[in-house]
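**Student:** kindly generate the corresponding structure for this input.
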Amino acid sequence: MYKICILLVTLLTFNLKSFAALEIVITEGVDTSRPIGVVPFKWIGSGVMPENLTDVIANDLRRSGKFNPIDASSMPQYPNSAQNVDFSAWASKGLKPC
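**Tutor:** So this is what the prediction gives:
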């Protein structure tokens, strides 16, 4: 009889489901995302560009929550190197270099 009681207690113990609560507390956040210009890439290869890298990079930056890529049509210029950036043109649009 004693062995049956121990067996029943053991079976009941293993059959009980345990539940755990996960609590996520967000203590910090980004109030505003920083505007950023992702200059369109120039395709030099033959044929059609396989992927629009500008959209891929802009979407990744936007999803991070830290950046807000501006529309390519509102960019003051499309420089292809750091030496070609006219900082006063970007500042006139309310954007500052970082």
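**Student:** show me where the protein has its strands.
**Tutor:** For the chain, the strands defined by DSSP state E occupy 34-36, 67-69.
**Student:** most tightly surrounded among those strands?
**Tutor:** strand 67-69 (a mean of 16; mean count of other C-beta atoms under 10 Å). Yep, even glycine has a C-beta here, placed from its N, CA and C like the rest.
**Student:** ok, back up a step: including mean pLDDT and distance to residue 58, could the strands of the chain go into a markdown table?
**Tutor:** Output for the strands of the chain, formatted as a markdown table (pLDDT from 0 to 100; distance: least, C-beta to C-beta, whole Å):
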| stretch | mean pLDDT | distance to residue 58 |
| --- | --- | --- |
| strand 34-36 | 86 | 8 |
| strand 67-69 | 89 | 4 |
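**Student:** quick one: closest of the ones you listed to residue 82.
**Tutor:** Nearest of those to residue 82, taken as C-beta to C-beta: strand 34-36 at 15.1 Å.
**Student:** next one: the closest residue to residue 78 other than its chain neighbours from residue 81, what distance?
**Tutor:** Counting by C-beta to C-beta, 6 or more residues apart in numbering, residue 78 lies nearest to residue 39, which is 5.3 Å off, once chain neighbours are set aside. Separation of residue 39 from residue 81 (C-beta to C-beta, to the nearest Å): 10 Å.
**Student:** show me what residue 69 is bridged to.
**Tutor:** residue 36 (DSSP bridges).
**Student:** flag the shaky bits of this structure, pLDDT-wise.
**Tutor:** Low-confidence regions of the chain, defined by pLDDT under 70, span residues 1-5, 7-19, 29-30, 96-98.
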